[in-house]
Every structure is written in structure tokens, then in C-alpha cells.
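>>> 3D, please:
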Amino acid sequence: MNENKFSKRREPFAFMLYLAMFGSSILFLAVFLVFLKKEFVNQNIPLIIPKTFWVSSLVIILSSITIYLAKKQLFSQKFVSYKSYLGITYLLGLLFLVLQISGWMELANRGFTMANHTGVSFLYILSGLHILHTFGGIVALSLTVAKVFRNKSYVDSFVYSVNPPNQLNFKLIYIYWHFLDLLWLLIFLFLLYHAT
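This next block holds a predicted model:
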């Protein structure tokens, strides 16, 4: 008997993650629409892109690649490489956050604040919301990295890798991390399009 795809039981944590990502997407879409409405009324809202945002965009793309490589190594049971790529992903995530904050400082040092520049206030809002989302991903990733690095032997790593809750945990982090990367690239392209 064929099971109805709408009534099929779904993994509740994955469902909650997809629901959360959908809600986050709506939030960012709302900010984009408010910006476009203001731009339509005011004709021009110039945006200034900090130089470090270019570097942070490269860093987040690299982190997407390293988490993909971590997944490949995990499924190939190459646990030393898996740990390395997962650790690199974690460090790149932290570097991304540092670069975002330094971008804010760069703008503030040039005299651009939320109080005196409408375009920059939207940049702060979009970047700030993304930083909060990324921080959540970093917390989840740091817990996983801590567990993975406790496994010293091949056997410990293998037992960890075949444990269904651990597999689900990595799958959810993997999905969310790519969501963060894609979300930032969309934000960055939106900001670039409207930049002076």
C-alpha cells in the first residue's frame, strides 16, 4: 500500500528546523520589503558596504565547503579528516562573526550610524539579524565539535557516527549551516545592488 506523502510521519526536529528557517526567511523578506517601500517613496537610499563584508562573504562560502567536506569524510568513515573539516567550519563561523562586527566598527568609525543614515540602518538590521542566526548555529556546532573531539579512538568515532541521534544532529546542523550561508549571500547581493 502506498503511503500518502502528506500523512507520512516526519522527523519532528527536522520539521521544526524547516519551520524555523521558513519563519526566518519571512522575517528577512519583510525587512527587504520595508527597504524597497522606503526606497520607492524616497527614490534613493544609499547603502555603504564595509570592506570586511566582502571577506566575510568569502569566509562563509568557505565554511559551506568545509562542512560539505566534513559530511563526505563522515560517511567515508575518515574520522580524523571529519574532525578537521568540522573544526575548520567552526573556526570559519567564528571568523565570520568577527568580520561582521568589525564591519560595523568600520562604519561607525566613518561616522555612519543608525541615527544619521537610513541605508546603513538597514544594513545594521539585516546584518544584526543574520549575526543572531549565525550565533545560534555556532552554539549548536560548538556542542557537536566538543562531542566529536572527545572521541579519541577509531572505535569511539565509529560508534558516535552510527548513533541515530548523532546522525540527526549533524544532519540538522548541516542543513542550517547551508541555510545561513545562502541567507547571507542573498543579503549581501541585496545590499550590493543598492550600494552607492
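>>> now the lowest-mean-pLDDT helix or strand in the chain: buried residues?
Least confident helix or strand, the chain: helix 154-162 with a mean of 81, by mean pLDDT, DSSP states H and E. Applying a neighbour-count criterion of 16 or more other CB atoms under 10 Å, one finds Ser157, Tyr160, Ser161 buried in helix 154-162. C-beta here means a position set from N, CA and C on the backbone, and glycine is covered the same way.
>>> looking at the protein, which helix is longest?
Taking DSSP state H as the criterion, the chain has its longest helix at helix 118-150.
>>> list just the nearest of the buried residues of helix 154-162 to Gly87.
Closest approach to Gly87 among the buried residues of helix 154-162 (CB to CB): Ser157, at 13.8 Å.
>>> relative to Pro164, how far out is that closest one?
From Ser157 across to Pro164, the span is 16 Å (CB to CB, to the nearest Å).
>>> residue ranges with poor pLDDT in this structure?
For the chain, the stretches with pLDDT under 70 are 1-10, 43-45, 117, 196.
>>> just the helices in it please.
Using DSSP H, the helices of the chain run over residues 12-42, 51-75, 79-109, 118-150, 154-162, 164-193.
>>> report all helices and strands that the shortest one contacts.
Using 3 or more CB pairs under 8 Å, 6 or more residues apart in numbering; DSSP states H and E as the contact criterion, the elements in contact with helix 154-162 are helix 79-109, helix 118-150.
>>> repeat for the last one
Helices and strands touching helix 164-193, as assessed by 3+ CB pairs under 8 Å, 6+ apart, comprise helix 12-42, helix 51-75, helix 118-150.
>>> tilt between the shortest one and helix 154-162?
Note on geometry: by axes from the mean of the first three to the mean of the last three CA atoms, to 10 degrees, helix 51-75 and helix 154-162 are set 110 degrees apart in direction.
>>> packing partners for helix 51-75?
In terms of contacts (3+ CB pairs under 8 Å, 6+ apart), helix 51-75 is packed against helix 79-109, helix 164-193.
>>> dump those into CSV; add distance to Leu62 and mean neighbour count as well.
Listed next are the helices and strands packed on helix 51-75 as CSV, based on distance: least, CB to CB, whole Å; neighbours: other CB atoms under 10 Å:
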stretch, distance to Leu62, mean neighbour count
helix 79-109, 6, 18
helix 164-193, 10, 17
